[in-house]
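J.: Need a 3D model of the sequence below.
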Amino acid sequence: MTARCLVLTMLLVLAAATPAAAQFSDVPGVFPGASSTKAAPSPAMTAKPALAGAAQAASAPSAPAGPPAKQLFGAAKVPAALEARAIGSYARGCLAGARPIATDGPAWQAMRLSRNRNWGHPALVALVERLAVEAKARDGWPGLLLGDMSQPRGGPMLTGHASHQLGLDADIWLTPMPDRKLTTKEREEISATSMLAAGELTVDPRIWTPRHLALIRRAASYPEVERIFVHPGIKQALCKAAGGPANRPWLAKVRPMWGHNFHFHVRIACPKGSQGCEPQKAVTGDDGCGKELEDWFALLKAPPKPGGPPKPPMTLEQLPAACKLVLDAPATTEAVAKGN
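T.: Numbers count the residues shown, from 1 in each chain. Modelled structure (predicted):
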């Protein structure tokens, strides 16, 4: 490691130790309908980023001036030559020392390569590789088609996601991998298959299979996985197929979420050594197969409400201070050798 990288790493540790203000999380830690001494949040709360400390946020100053952080991080084509570390919260942070997952593996193929979002914390990359290999060997899943993970330095994305900023989130298509290597063109143009019946909120039994259940259950079985997001219709199918409550504890990790009918979203916990990574609240003991699903289906069937004005995009100043160091850090040796 060069002297410059060593200095940046030391500064990164110091900056990450300072808590970031007004952090957000993709989902709150309580299911709609879960038993609590307080009123349970509604599905609408579950579907949108939850504000940590609403009273503080209400009095927070307006967004600082400066280019949107998504433009800065979206322009970073290679990772920072720093020790691997997830910094901040899942929807307000960045990633140092990212590692790419191979475009092709023994049981996976990466899709949408032009987006350059096949990067992650080494812990996430290792988990996705493990899931792919074990699901193929033990569950008969042909292989994973991998969607978005993270950008080379994490951070907000130009399009598509509020989260995926720490290198700890991965989208996995529910379409099985074909038994051949896809071309670059096919990886850009092939569409994932929706699991829902046309015009319905429930899965199509001609498409949804027991192998889909086995794949998601295997992902949920890994201790480092904290959340798996799926469409409510898929959650309903999982609950029915799992059987009685005694067979459903693993479903507490599987959370309903808008969309997610073409893929499921895996999120892992803050890895060891990621100082400044803000963990989510642990899931409750509720498997989410009761009132939570009822609330979600009621919400999905309700007339849409008019949206408010768009929020201004986050700026670099609104991210943890360490994220500026991540942006300023030199590229990895491998990236320099490739001319990136």
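J.: Now that residue 257 has come up, it's in contact with residue 231, right?
T.: Yes. Look at residue 257 against residue 231 with Cβ atoms under 8 Å: they come within range, at 7.3 Å. Every C-beta, even on glycine, is put in place using the N, C-alpha and C of the backbone.
J.: Looking at those two, which is more packed in?
T.: Counted by other Cβ atoms under 10 Å, residue 257 and residue 231 do not tie: residue 231 has more neighbours, with 26 against 22.
J.: So what's the predicted local confidence for the residue nearest to the more buried one when sequence neighbours are not counted?
T.: Leaving aside its sequence neighbours, residue 231 sits nearest to residue 261 (Cβ to Cβ, 6 or more residues apart in numbering; 4.0 Å). For residue 261, the pLDDT comes out at 95.
J.: burial measure for residue 261, as a count.
T.: The number of residues near residue 261, taken as other Cβ under 10 Å, comes to 19.
J.: what does residue 317 give?
T.: Neighbours of residue 317 under the rule other Cβ under 10 Å: 13.
J.: Return the residues in contact with the residue nearest to residue 231.
T.: Residue 261 is in contact with 194, 195, 196, 230, 231, 233, 234, counting by Cβ atoms under 8 Å, 6 or more residues apart in numbering.
J.: Which of these fall in helices?
T.: Among the contacts of residue 261, DSSP state H puts 233, 234 in helices.
J.: Columns distance to residue 270 and pLDDT on top of the contacts of residue 261, output as JSON lines?
T.: JSON lines is the format used below for these (distance: Cβ to Cβ, whole Å; pLDDT from 0 to 100):
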{"residue": "194", "distance to residue 270": "32", "pLDDT": "97"}
{"residue": "195", "distance to residue 270": "30", "pLDDT": "97"}
{"residue": "196", "distance to residue 270": "33", "pLDDT": "96"}
{"residue": "230", "distance to residue 270": "22", "pLDDT": "97"}
{"residue": "231", "distance to residue 270": "26", "pLDDT": "96"}
{"residue": "233", "distance to residue 270": "30", "pLDDT": "96"}
{"residue": "234", "distance to residue 270": "26", "pLDDT": "97"}
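J.: what's the farthest-apart pair in the contacts of residue 261?
T.: Greatest spatial distance among these (Cβ to Cβ): 194 and 230, at 12.1 Å.
J.: Look at those two and report which has more neighbours.
T.: For residue 194 versus residue 230, neighbours defined as other Cβ under 10 Å are more numerous around residue 230 (24 against 17).
J.: re the thing from before, how close does the residue nearest to residue 231 sit to residue 296?
T.: Taking Cβ to Cβ, to the nearest Å as the measure, residue 261 falls 13 Å from residue 296.
J.: Tell me how many other residues crowd residue 187.
T.: Residue 187: 18 surrounding residues under other Cβ under 10 Å.
J.: I'd say it and residue 109 touch.
T.: Yes. Using Cβ under 8 Å, residue 187 is in contact with residue 109, at 7.3 Å.
J.: What residues does residue 142 make contact with?
T.: 136, 176, 177, 178, 179.
J.: Give me the buried subset of these.
T.: Those of these that meet the buried threshold are 136, 176, 177, by 16 or more other Cβ atoms under 10 Å.
J.: secondary structure element for the second one?
T.: When secondary structure is defined by DSSP states H and E, residue 176 falls outside every helix and strand.
J.: Just the pLDDT at the residue lying closest to it once chain neighbours are set aside, thanks.
T.: Leaving out its chain neighbours, the residue that sits closest to residue 176 by Cβ to Cβ, 6+ apart is residue 142, at 4.4 Å. Residue-level confidence at residue 142 comes out at 97, pLDDT.
J.: ok, now residue 257?
T.: Per-residue pLDDT puts residue 257 at 92.
J.: mind listing the strands in the stretch 151-300 of the chain by residue range?
T.: Secondary structure of the stretch 151-300 of the chain (DSSP state E, counting those that start in this stretch): strands at 169-173, 225-230, 254-256, 263-268.
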